[in-house]
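> just a sequence and a predicted model for now, questions to come.
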Amino acid sequence: MKTSDFYYDLPKELIAQDPLEDRISSRLMVIHRKSGQMEHRHFSDIAEYLKPGDCLVRNNTKVIPARLYGMREDTGAAIEFLLLKRREKDIWETLVKPGKKARTGAKISFGEGRLHGEIVDVLADGNRLIQFRYEGIFEEILDELGQMPLPPYITHKLKDKNRYQTVYAKYEGSAAAPTAGLHFTEDLFRKLEEKGVLVANVTLHVGLGTFRPVKVEDVAEHHMHSEFYHVEPEEAAKINEAKKNGGRIVCVGTTSCRTVESASDENGQVQPGAGDTDIFIYPGYDFKVLDVLITNFHLPESTLLMLVSALAGKERIMEAYKEAVKERYRFFSFGDAMIILDD
């Protein structure tokens, strides 16, 4: 299977640059896996496709303002850091631009000395480990100095940084939002719960590895960056009980999907616990937990496009994307949504 098999043409103007004013007003493409039927609806209609006893699994990670702009203390040269993963209390794995200014031992100042950092290691993939020094509470300083790490294809400035968070975001640690969840509102969750749909929370801190381009032509040779996940015992029990009682497991986004698939045993039972996952789901994968997926429209040749193709079939997904372009759907993080059903 080749990476180029997952390429499609996307007009630049279909890349959504701003979130819609009303979260649930985005469009919704409905794909029925078995019948092959396709519908064009709105996200506000999604309750029609969920049944009492279904369990909606959502990723409650919270995006941190992970982009920091600093300067080298010796030369004053500008340097940009993107925090990817906390390794120890004050040591973070980061992506740095330009890398040549970030050799081991380089000292960086942020916010006119409010925060200091030193490069303590250069990793094999070019990422840097930086150790921070500061007075006060790191999260508060980051909130003050950092910016939301919007993907590079979004060039507009985000007016309200809460619009790059889900309404249920709880645990800080992500460098990118689990964007399928951006369509949900508290009112919609109330409506679903009144219908008898269960809600379970899992946590996966989204790193940039999920979005990195696949650089090998043979899909099977691609290696995913690992990301931290956590599943509480009561949430695992809720998912397993729903499955046992005949309910469908409906994952909100690819990160929730990757979490439950990583945390499950060979019998499809989700196990509580925490760890790192580098699970790579592409066509041929046998889903153990997930039945239905709610997701956005993904980049050409991306691992996320491969994941949805594993669920619905590559040909059907590529046809659906062609249809989405024709119907002028909005793509990527602030774009429209798709639900892949099991019927």
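Okay, I see it. Since the structure is predicted, the reported quantities are computational estimates derived from the model, not experimental observations.
> C-alpha only now, for contacts and for neighbours.
Will do.
> just the helices in the stretch 151-300 of the chain please.
Counting by DSSP state H, counting those that start in this stretch, one finds helices in the stretch 151-300 of the chain at the ranges 186-195, 233-244, 254-263.
> can you point out the buried residues in the longest one?
The one in question is helix 233-244. Judged by neighbour count using 16 or more other Cα atoms under 10 Å, the buried positions of helix 233-244 are E235, A236, A237, K238, I239, N240, A242, K243.
> same thing with stretch 243-262?
Judged by neighbour count using 16+ other Cα under 10 Å, the buried positions of stretch 243-262 are 243, 247-262.
> and if you look at stretch 106-113?
By neighbour count on 16+ other Cα under 10 Å, the buried set for stretch 106-113 is K107, I108, S109, F110, G111.
> redo the helices of the stretch 151-300 of the chain as a markdown table? Include mean pLDDT and distance to H40.
Shown next, in a markdown table, are these (pLDDT from 0 to 100; distance: least, Cα to Cα, whole Å):
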| stretch | mean pLDDT | distance to H40 |
| --- | --- | --- |
| helix 186-195 | 98 | 19 |
| helix 233-244 | 98 | 28 |
| helix 254-263 | 98 | 21 |
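> so can I have JSON lines of these showing distance to K89?
Converted to JSON lines, those look like this (distance: least, Cα to Cα, whole Å):
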{"stretch": "helix 186-195", "distance to K89": "33"}
{"stretch": "helix 233-244", "distance to K89": "26"}
{"stretch": "helix 254-263", "distance to K89": "24"}
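> so which of those comes closest to F331?
helix 254-263 (15.4 Å; Cα to Cα).
> which strand or helix spans M71?
Secondary structure from DSSP states H and E places M71 in strand 67-72.
> the closest residue to R128 other than its chain neighbours and I91: what is the separation?
Once flanking residues are discounted, R128 sits nearest to V122: 4.7 Å by Cα to Cα, 6 or more residues apart in numbering. Shown here: V122 relative to I91, a distance of 13 Å by Cα to Cα, to the nearest Å.
> what sits in contact with each of these two?
Common contacts of V122 and I91 (Cα atoms under 8 Å, 6 or more residues apart in numbering): L129.
> which other residues reach stretch 59-66?
Residues from elsewhere that reach stretch 59-66, judged by Cα under 8 Å, 6+ apart: 81-84, 142-143, 146-149, 164-166, 168-178, 181, 201-206, 252-253, 255-256.
> so can I have a markdown table of the buried residues of stretch 106-113 showing secondary structure?
Converted to a markdown table, the buried residues of stretch 106-113 look like this (DSSP: H, G, I helix; E, B strand; the rest coil):
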| residue | secondary structure |
| --- | --- |
| K107 | strand |
| I108 | strand |
| S109 | strand |
| F110 | strand |
| G111 | coil |
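> noted, bye for now.
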